[in-house]
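Visitor: What follows is a predicted protein model with its sequence.
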Amino acid sequence: MIIKKHLKFTAKKISNLFTAVIISLSLIIFILVSVFLYNNFYQVITQAKEILTLKGKVALETVNLEKFNLIMEKLAEKTSSKEAKNITSPFN
């Protein structure tokens with residue numbers, strides 16, 4: 001015996017379904033617009049503000065690269081490990 005179930009679409013069911021679809025699409029569109037605005041406007045504005053604050057903190061004097069490189073070489077020599085040569089063993 002085959003039981004056929006017919007879906008009866010009444011005006012109220014169609015109206016409720018249409019309302020649910022409209023609300024879902026509106027919510028999805030709202031989320032997509034919010035993400036777009038956040039990525040393309042809010043983050044750009046905050047990065048521009050950070051750049052402006054950092055420009056005031058930048059050193060205005062030029063760096064002498066020869067002295068800087070000399071200092072860095074001396075620091076590298078100072079911190080590098082040295083081999084111990086000609087150490088006599090105290091146990092012999």
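Guide: Done, it's in.
Visitor: quick one: the helices in the protein?
Guide: Assigned by DSSP state H, the helices in the chain fall at 11-37, 43-55, 65-79.
Visitor: Let me know how buried residue 24 is, in neighbour terms.
Guide: Counted by other CB atoms under 10 Å, the residues lying close to residue 24 total 10. Bear in mind the C-beta positions are built from the backbone N, C-alpha and C, glycine included.
Visitor: Against residue 12, how distant is it?
Guide: Distance of residue 24 to residue 12, given as CB to CB, to the nearest Å: 19 Å.
Visitor: in the protein, which helix or strand is least confident?
Guide: Between all helices and strands in the chain, the lowest mean by mean pLDDT, DSSP states H and E belongs to helix 43-55, at a mean of 84.
Visitor: What is that one packed up against?
Guide: Judged by 3 or more CB pairs under 8 Å, 6 or more residues apart in numbering; DSSP states H and E, helix 43-55 is in contact with no other helix or strand.
Visitor: I would like the residues contacting that helix, please.
Guide: The contact list for helix 43-55 (CB atoms under 8 Å, 6 or more residues apart in numbering) is empty.
Visitor: between that helix and helix 11-37, how many degrees?
Guide: Going by axes from the mean of the first three to the mean of the last three CA atoms, to 10 degrees, helix 43-55 is angled at 20 degrees with respect to helix 11-37.
Visitor: For this protein, give me the ranges with low pLDDT.
Guide: For the chain, applying pLDDT under 70 flags the ranges 1-6, 82, 84, 92.
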